[in-house]
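Participant: With the input below, show me the fold.
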Amino acid sequence: MILNHVSVVAAGSDLPGLDRVPLWLNDPANWWGPDGLLARVREHLTYTAAAVLIALLIALPLGLFVGHTGRGQFLIAGLANGLRAVPTLGFVVFLVVAISPHIHSRGAIPGLVPRGGLPYIVPVLIVLVVLAIPPILSNTYAGVQAVDPAARDAATGMGMRGSQVVWRVELPCALPLIMSGVRSATLQVIATATVAAYVPFLGGLGRFIIDGVQQLTNLQFGYPAMVSAGLVVAVLAVIVDGLLILLERLIVSRGVSGRFDTRARTLGALAASGISPEGDAEVVAA
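Facilitator: Numbering: from 1, shown residues only. I've put the predicted structure just below:
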């Protein structure tokens, strides 16, 4: 359905009514093209993926090291809480002023960052990485600390070195908490990546919000576009979180996650063989 440019005014307000939002989302003109919704979603997800991946490369080894050795435990609480307190938009503006003038590259990333945009993507990614580090770092440390000491002792007794214990015992056992931290970091970054539109050249779904503020009553670029972009951010968060839950089920051992119930499997096998569990228990007790 193409947008009908007949103004629909909300009661007591000069803004278009919320009934314009479904019309905006149903207009193909708003989805396609270099400034369309699909292009902005691609940019938004790319910013998110890059930030979370960089944060994972920093926070995961650090959390494993601190959790395994016990050294620098004060950094976990202090660093994580301190980074959470950073005002995101103010930090973006500060880094753009402090860093961007010193980046002289005028290259581009086709379909993502236009020519001249590289000096501005770096500050934005730094801010998003800083936002993503605390939950991954805290959960990695907590996951390693929660590993049963008997498992560590058994691994050491088998002749494993410290690094082998970390990667082959502690990391697999801590994966559920680590993935929880990754999910939390990803959701925060998806919600916050709209700040990318505050700086020149960059896009993402925040572009609809920033541009819409300047022309709220416009039926195509104003209030309906802002609300639609906010809804799409929420939907993206739900979809990505669901995909991460599926990923967690694939990479986390069923025994660690609690999805592998040996007692239930044993009782099921006995029942399939025609053996009563109660009778079997009596035989064992006898």
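Participant: Give me the residue ranges of this protein where confidence is low.
Facilitator: In the prediction, the chain carries residues with pLDDT under 70 at positions 1-19, 77, 80-81, 111, 211-222, 255-286.
Participant: That one: helices as residue ranges?
Facilitator: Secondary structure of the chain, counting by DSSP state H: helices at 20-25, 37-69, 73-84, 88-98, 118-145, 149-157, 162-165, 171-192, 206-213, 223-251, 254-257, 262-272, 277-285.
Participant: Now tabulate these in JSON lines and tack on distance to Trp31 and mean neighbour count.
Facilitator: Where you see a C-beta, it was placed from the backbone N, CA and C, and this is true even at glycine. Shown next, in JSON lines, are the helices of the chain (distance: least, C-beta to C-beta, whole Å; neighbours: other C-beta atoms under 10 Å):
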{"stretch": "helix 20-25", "distance to Trp31": "8", "mean neighbour count": "19"}
{"stretch": "helix 37-69", "distance to Trp31": "5", "mean neighbour count": "19"}
{"stretch": "helix 73-84", "distance to Trp31": "35", "mean neighbour count": "14"}
{"stretch": "helix 88-98", "distance to Trp31": "28", "mean neighbour count": "15"}
{"stretch": "helix 118-145", "distance to Trp31": "24", "mean neighbour count": "23"}
{"stretch": "helix 149-157", "distance to Trp31": "51", "mean neighbour count": "13"}
{"stretch": "helix 162-165", "distance to Trp31": "49", "mean neighbour count": "14"}
{"stretch": "helix 171-192", "distance to Trp31": "19", "mean neighbour count": "22"}
{"stretch": "helix 206-213", "distance to Trp31": "12", "mean neighbour count": "20"}
{"stretch": "helix 223-251", "distance to Trp31": "10", "mean neighbour count": "16"}
{"stretch": "helix 254-257", "distance to Trp31": "38", "mean neighbour count": "12"}
{"stretch": "helix 262-272", "distance to Trp31": "48", "mean neighbour count": "11"}
{"stretch": "helix 277-285", "distance to Trp31": "58", "mean neighbour count": "10"}
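Participant: Compute the distance between His102 and Ser163, please.
Facilitator: His102 sits 38 Å away from Ser163, going by C-beta to C-beta, to the nearest Å.
Participant: if we can go back for a sec, between the helices of the chain, which gets nearest to Leu112?
Facilitator: Of all the helices of the chain, helix 37-69 sits nearest to Leu112, with 5.7 Å by C-beta to C-beta.
Participant: Restricting to C-alpha, output stretch 244-255 in CSV.
Facilitator: Extracted C-alpha coordinates of stretch 244-255, given in CSV (Å, rounded to 0.1, in the frame of the first residue of the first chain):
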residue,chain,number,x,y,z
LEU,A,244,21.6,-16.7,20.1
ILE,A,245,19.4,-19.1,22.2
LEU,A,246,19.5,-21.6,19.4
LEU,A,247,23.2,-21.2,19.0
GLU,A,248,23.6,-21.8,22.7
ARG,A,249,21.7,-25.0,22.5
LEU,A,250,24.1,-26.1,19.7
ILE,A,251,27.4,-25.3,21.3
VAL,A,252,26.7,-26.0,25.0
SER,A,253,27.0,-29.6,26.1
ARG,A,254,23.6,-31.1,27.1
GLY,A,255,25.1,-32.3,30.3
